[in-house]
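# Just to be clear, the model below is a prediction. Sequence and coordinates:
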Amino acid sequence: MTSGWTIGVIGGSGLYAIDALEDQRWIDVDTPWGRPSDQLLTGRIGDVRFVFLPRHGRGHRIPPGELNARANIYALKAAGCTDVVAISAVGSLREELPPGHFVVVDQFIDRTVARPASFFGTGLVAHVSLADPTCERLSALCADAAQAAGADAARGGTYLAMEGPQFSSRAESLLFRQWGADVIGMTAMPEARLAREAELPYALVGMVTDYDCWRSANEKVEVADVIARLGANADLGRRLVVELARSLPAERTPSPVDTVLDFALITAPDARDPSMIEKLGIILDRTLSRQP
Ligand SMILES: CSC[C@H]1O[C@H](OP(=O)(O)O)[C@H](O)[C@@H]1O
Ligand SMILES: Nc1ncnc2[nH]cnc12
């Protein structure tokens, strides 16, 4: 019996449902931050509860810059998730990460510019650490699960989050390589920041669909090529989820991320805006219940 885990899965491009879930049910969740991208698909694999959210909505309706990441993360928390696995299509900035490979990333460079990136603000200020933005335990489980599913999976890598929706210019692509980025995408930020603020351990599995445009003067990314690759990748992504369910330890021991807000709130209790506290809702409940 596996207990204590409820895994939220954010499915990126090409991953809009998970057939292997038993007792499937699409449920509506509204949040103080607005509506998530779609209904949530709840179910289980064996004894492990899963909550799946198609990041762009079924049918891929929402572009990266218009995703309501706060509502998405809040909805997963409200649905009882203890941990979040994000699965994303990514471009490769490294020769040794060809299309078809998976990369379980452990760092981010955030170049997004126009997205609300925090649950906190005037009236309630918090600073969480993002030094290690992903959960080592969950990432290791995902990398093992990817391999068990039959994917070539690299452990560790830096994801460059760009604003999009256009793909990068060649000069940008070359620059990002010099910065040490390994893969590129448009969605992991601010998602990973918000997961940390919501005290949800987060892992991101990048499924490489293309080499972006850095390799030669006439190379460029085309959505049609990405889509062609997505079909095969998405099958592996779904299998990864099944393998992850099989491999989770029977008991979920606490993660340091479960309690990050205990050390992050800086606004004095009597200076806190009650409407902010209300809007933060379940994100703050645990911390506030411990404070006098
Ligand atoms: C379909 S290519 C561009 C699109 O794919 C990635 O999305 P996701 O991370 O949700 O798989 C990328 O970030 C872009 O949004
Ligand atoms: N080359 C690329 N750039 C940004 N996002 C992507 N998603 C998949 N491939 C990508």
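Arrived safely. Residues are numbered from 1 along each chain as shown. Ligands and ions are numbered 1, 2, ... in the order given.
# Phi, psi for residue 50 please.
Note on residue 50: its backbone torsions stand at phi -120, psi 150 [degrees, to the nearest 10].
# My understanding was that it contacts residue 9; is that so?
Yes - using C-beta atoms under 8 Å, residue 50 is in contact with residue 9, at 6.1 Å. All C-beta atoms are positioned from the backbone trio N, CA, C, and that covers glycine.
# joint contacts of those two?
18, 241 (C-beta atoms under 8 Å, 6 or more residues apart in numbering).
# And the strands in the stretch 101-250 of the chain, which stretches?
In the stretch 101-250 of the chain, the strands defined using DSSP state E, counting those that start in this stretch lie at 102-105, 107-111, 153-155, 158-162, 183-185, 202-210.
# Can I get these in CSV including distance to residue 175 and mean pLDDT?
CSV is the format used below for the strands of the stretch 101-250 of the chain (distance: least, C-beta to C-beta, whole Å; pLDDT from 0 to 100):
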stretch, distance to residue 175, mean pLDDT
strand 102-105, 19, 98
strand 107-111, 10, 98
strand 153-155, 22, 96
strand 158-162, 10, 98
strand 183-185, 11, 98
strand 202-210, 18, 97
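# Would you mind saying which of the ones you listed lies nearest ligand 1?
Nearest of the strands of the stretch 101-250 of the chain to ligand 1, taken as C-beta to the nearest ligand atom: strand 183-185 at 3.6 Å.
# partners of the closest one, with directions?
strand 83-92 (antiparallel), strand 158-162 (parallel) (DSSP bridges).
# Distance check, the residue nearest the centre of the chain against residue 273.
Central residue of the chain (C-alpha atoms, centre = their mean): residue 86, 3.4 Å from the mean position. For residue 86, the distance to residue 273 equals 31 Å [C-beta to C-beta, to the nearest Å].
# got it, and residue 12?
35 Å.
# for this structure, what's the longest helix?
The longest helix of the chain (DSSP state H) is helix 223-247.
# outside of that one, which residues touch it?
2, 7, 9, 11, 13-15, 18-20, 45-46, 48, 50, 85, 87, 89, 99-100, 102, 141-142, 144-146, 148-151, 205, 207-210.
# Kindly report the residues of the stretch 151-292 of the chain close to ligand 2.
162, 167, 184-186, 209-210, 212, 221, 226 (C-beta under 6 Å from any ligand atom).
# Try it again at 8 Å.
Residues of the stretch 151-292 of the chain lying close to ligand 2 (C-beta under 8 Å from any ligand atom) are 162, 164, 167-168, 173, 184-186, 208-213, 221, 226.
# Show me the one in these that has more neighbours than the rest.
residue 184 (28 neighbours; other C-beta atoms under 10 Å).
# What residues are bridge-paired with it?
residue 91, residue 160.
# just residue 41 next, same as before
Bridge pairing for residue 41 - DSSP bridges - gives residue 26, residue 52.
# number of nearby residues for it?
21.
# got a list of what the residue of the stretch 101-250 of the chain found nearest ligand 2 touches?
Proximity of the stretch 101-250 of the chain to ligand 2 (C-beta to the nearest ligand atom) peaks at residue 212, 4.0 Å away. By C-beta under 8 Å, 6+ apart, residue 212 lies in contact with 91-93, 167-168, 173, 184, 219, 221.
# Now do the contacts for residue 286.
Residue 286 neighbours (C-beta under 8 Å, 6+ apart): 199, 259, 261.
# what's the spacing between the residue of the chain found nearest ligand 1 and residue 275?
Closest contact between the chain and ligand 1, by C-beta to the nearest ligand atom, is at residue 12 (2.3 Å). Using C-beta to C-beta, one obtains 33 Å as the distance from residue 12 to residue 275.
# Who has more neighbours out of those two?
In this view residue 12 and residue 275 are compared by other C-beta under 10 Å, and residue 12 has more residues nearby, 28 against 11.
# Okay, now the unreliable bits of the chain?
Along the chain, the model assigns pLDDT under 70 to residues 1-2, 291-292.
# Measure how buried the closest residue to residue 5 other than its chain neighbours is and give me the count.
The shortest distance from residue 5 to any non-neighbouring residue, by C-beta to C-beta, 6 or more residues apart in numbering, is to residue 252 (4.7 Å). For residue 252, the neighbour count with other C-beta under 10 Å is 18.
# Would you mind measuring from residue 252 to residue 41?
Distance from residue 252 to residue 41, counting by C-beta to C-beta: 21 Å.
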